[in-house]
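A.B. asks: This is a predicted model, with the sequence first.
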Amino acid sequence: MLTVNHVTKTYGNFTALEDITLEFSQGLYALLAPNGAGKTTLIKMLTTLIFPTRGEILLDGDEIIALDETYREKIGYLPQEFGYYKNHSPRQFLSYLAALKGLDKREAARKTDELLELVSLADVRDKKMRKFSGGMIQRVGIAQALQNDPRILILDEPTAGLDPKERVRFRNLISSLSKNRIVIMSTHIVSDIETVANQVVMFKDHKLLANNTPAKICKQLEGKVFETDDITAIDFAHMQLTERNEDGHTIVRFATDSARGAEIGRPVTPNLEDVFLYIYRDEAWI
Amino acid sequence: MSTLNVNLTPQEKEQEISAILDRGLVRPKTLRRLFKDLLCSLGLRALFWDCGFALLVATVTLAGIVFLLAVTPIERSLATTFTLAPLLFLATQLSCETAERLGELYELKRTCKYTIRQITAFRVLTFSLVGVIFCVGLTAFIAESTTHLVQLLPLALSGLFLCALFSLFLARRLPHTLAGIWAGAIWIVITLTPLMIAGPQWEILLSNIPVLLTICTTIVSAALFLREITKLAFDKEDHTYAYGQSRN
Ligand SMILES: Nc1ncnc2c1ncn2[C@@H]1O[C@H](COP(=O)(O)OP(=O)(O)OP(=O)(O)O)[C@@H](O)[C@H]1O
Ligand SMILES: [Mg+2]
């Protein structure tokens, strides 16, 4: 069990995260928050790149910084900005990182081929990475994070740059990986995690706002989300969520506390995107 | 110890045993063991991966020094030796460290089992050994007699280790990515200034330092240098500031 215990992180006099307490056991944890909310900051603390200003992070009761390599051996990490070597092939690159991770050479070579297959890069495994697209590089990064079969997998915006097909593959992969390990991933793309996350962690104003299952998080808006094709007819306080086109009509989703919501709109089941937009709205209700 | 007849209650025995186990389970970390581990599991290729640029800088520096020595008559042998002694080490170490820190993989490499800090510690030691060989070559080239060599070599080595110590000391303490470069610049300024301003007096001053003192300085600074390397390898390093810089 990985425990974040009253952790605060400040950069100079700017508080990036304040008094965060979280517990991670098996499953997929999604850090879902807008840009600048502190997702990367938490992830960097979880990977011992930076230290909490106050509080502590424990793995089975031991401080992760004190655990040192015993902890590092157990984690797989994909940084938000993933660097790579232009003049090397994914295979060379992965074998280098396998060495840094202290993996057995022969075992690592076998694993590398397997992982490159998994992220569908097997046919380019000996090509120089300089010619790779952003999504391909990202997939090398994902493969790299899995090399040591980590007990704790930490991914900072892993789906950035992936095409829809790879996104779906990735989602399935992560979902199956999270059956027997802790997977922590940050994202601001709701659809990446809506169906697979066991827990969604949200920050607001640098504090922990929610840490719950997607269903429970959505529940807080239950009975408050509606759809209408005539948004102009609404004369009470509401918040516009998303729009979509259907047979030439523009259908608008909106949230409201007003009992009159159902008079104008058709009630719908709130989804995670609704909640995200609702929580991180920046203007008052119109 | 074994002759002592200690009567322990079963409880005390239990405590004693668990205390010993606790101690035994954490292998004490020594630099020697770490470096052996690094060599065995990484091998030289992975240890010096990314050092191509440093090698180039080292070659250019060496060529420069050889050229300088070949074309200019050496008037002030002690002062020249003292200034030049750490230059090869500095050039290699600083270019290697800078390339590493500016590289996009630095962060990831700090989260692996063998961190880039530990690898850096290994490299620093290797580079300093190369520096020693360079000092031997340099002083052998400059010395006119054995007595001259006996005076020059410890002076060169003390220069090497003092400067190496200083650069590690700065690099570990200043939260700046390129802190080490300052050490190089400062070394050149503080050794070259007296040579430029008061050449003959500086030479006389250096020649008046007893050989025993330079030998002692070498030993002490080499020991402190090793201590810095140990810290580099084992101290936990918070990267908050460097991280902020790498973003800008
Ligand atoms: N080294 C630093 N020094 C000062 N401020 C920092 C530093 N690193 C991050 N910050 C600030 O801390 C806040 C949180 O940053 P962080 O990178 O954790 O956000 P994030 O949730 O990962 O955002 P994004 O979705 O854009 O990746 C931001 O306001 C950022 O400007
Ligand atoms: Mg981020």
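C.D. replies: That came through fine. Ligands and ions are numbered 1, 2, ... in the order given.

A.B. asks: Regarding residue A:180, what is its secondary structure?
C.D. replies: What DSSP: H, G, I helix; E, B strand; the rest coil gives for residue A:180 is coil.

A.B. asks: Could you give the number of residues near residue 66?
C.D. replies: Answering for chain A, as no chain was given. The number of residues packed near residue A:66 is 11, by other C-beta atoms under 10 Å in any protein chain shown. Backbone N, C-alpha and C define where each C-beta goes, glycine included.

A.B. asks: nope, chain B
C.D. replies: Residue B:66: 13 surrounding residues under other C-beta under 10 Å.

A.B. asks: ok so residue B:12 is a strand residue?
C.D. replies: No. With three-state DSSP as the criterion, residue B:12 is located in helix rather than a strand.

A.B. asks: Low-confidence ranges, the chain, go.
C.D. replies: Using chain A here. Counting by pLDDT under 70, chain A contains low-confidence ranges at A:283-286.

A.B. asks: could you do chain B instead?
C.D. replies: For chain B, residues meeting the criterion pLDDT under 70 lie at B:1-6, B:19-28, B:175-177, B:241-248.

A.B. asks: Close to chain A: what parts of chain B are there?
C.D. replies: B:41-43, B:46, B:49, B:103-115, B:119, B:236, B:238-240, B:243-244 (C-beta under 8 Å from any C-beta of the partner chain).

A.B. asks: can you give me the helices for the chain?
C.D. replies: In the absence of a named chain, chain A is used. Assigned by DSSP state H, the helices in chain A fall at A:39-46, A:64-67, A:69-72, A:90-100, A:105-118, A:134-146, A:164-177, A:214-219, A:261-264, A:272-279.

A.B. asks: My question was about chain B, not that one.
C.D. replies: Along chain B, counting by DSSP H, helices occupy B:10-25, B:31-47, B:52-71, B:77-84, B:87-102, B:106-109, B:116-142, B:146-173, B:179-197, B:199-207, B:211-234, B:240-247.

A.B. asks: name the helices or strands packed onto the second one?
C.D. replies: What that stands for is helix B:31-47. helix A:90-100, helix B:116-142, helix B:211-234 (3 or more C-beta pairs under 8 Å, 6 or more residues apart in numbering or on different chains; DSSP states H and E).

A.B. asks: let's go with 6 Å and repeat that
C.D. replies: Packed against helix B:31-47 by the contact rule (3 or more C-beta pairs under 6 Å, 6 or more residues apart in numbering or on different chains; DSSP states H and E) you find helix A:90-100, helix B:116-142.

A.B. asks: any idea how far the most centrally placed residue in chain A is from residue A:3?
C.D. replies: Central residue of chain A (C-alpha atoms, centre = their mean): residue A:186, 2.4 Å from the mean position. Counting by C-beta to C-beta, to the nearest Å, the separation of residue A:186 from residue A:3 is 19 Å.

A.B. asks: same question, residue A:127
C.D. replies: Residue A:127 is 43 Å from residue A:3, by C-beta to C-beta.

A.B. asks: ok, those two, which is more surrounded?
C.D. replies: residue A:3 (17 against 14).

A.B. asks: Using PDB, list the CA coordinates for stretch A:142-162.
C.D. replies: Once non-C-alpha atoms are left out, stretch A:142-162 reads as follows in PDB (Å, rounded to 0.1, in the frame of the first residue of the first chain):
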ATOM      1  CA  ILE A 142       5.000   3.300 -22.200                       C
ATOM      2  CA  ALA A 143       7.000   0.200 -23.000                       C
ATOM      3  CA  GLN A 144      10.000   1.500 -21.000                       C
ATOM      4  CA  ALA A 145       7.800   2.000 -17.900                       C
ATOM      5  CA  LEU A 146       6.700  -1.600 -18.000                       C
ATOM      6  CA  GLN A 147      10.200  -3.100 -18.400                       C
ATOM      7  CA  ASN A 148      10.700  -4.100 -14.700                       C
ATOM      8  CA  ASP A 149       7.100  -5.400 -14.400                       C
ATOM      9  CA  PRO A 150       6.600  -2.700 -11.700                       C
ATOM     10  CA  ARG A 151       4.500  -3.100  -8.700                       C
ATOM     11  CA  ILE A 152       3.700   0.600  -9.000                       C
ATOM     12  CA  LEU A 153       3.200   2.100 -12.400                       C
ATOM     13  CA  ILE A 154       3.200   5.900 -12.600                       C
ATOM     14  CA  LEU A 155       2.300   7.600 -15.800                       C
ATOM     15  CA  ASP A 156       2.100  11.300 -16.400                       C
ATOM     16  CA  GLU A 157      -0.300  12.000 -19.300                       C
ATOM     17  CA  PRO A 158       0.500   8.700 -21.100                       C
ATOM     18  CA  THR A 159      -2.200   9.200 -23.800                       C
ATOM     19  CA  ALA A 160      -1.000  12.500 -25.000                       C
ATOM     20  CA  GLY A 161      -0.400  12.200 -28.800                       C
ATOM     21  CA  LEU A 162      -1.900   8.700 -29.200                       C
END
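
A.B. asks: Name the residue of the stretch 101-250 of chain A that lies nearest to chain B.
C.D. replies: Chain B sits closest to residue A:102 of the stretch 101-250 of chain A, with a gap of 4.0 Å, by C-beta to the nearest C-beta.

A.B. asks: same deal with the stretch 1-150 of chain A?
C.D. replies: For the stretch 1-150 of chain A, C-beta to the nearest C-beta, closest residue to chain B: residue A:83, 2.3 Å.

A.B. asks: out of everything not next to it in sequence, what's closest to that residue?
C.D. replies: residue B:104 (2.3 Å; C-beta to C-beta, 6 or more residues apart in numbering or on different chains).

A.B. asks: if we can go back for a sec, tell me who's in contact with the residue nearest to the centre of chain A.
C.D. replies: Neighbour list for residue A:186: A:31, A:39, A:156-157 [criterion: C-beta atoms under 6 Å, 6 or more residues apart in numbering or on different chains].

A.B. asks: which residues touch the residue of the stretch 101-250 of chain A closest to chain B?
C.D. replies: B:41, B:113-114.

A.B. asks: With residue A:183 instead?
C.D. replies: Residue A:183 is in contact with A:28, A:153, A:174, A:177, counting by C-beta under 6 Å, 6+ apart.
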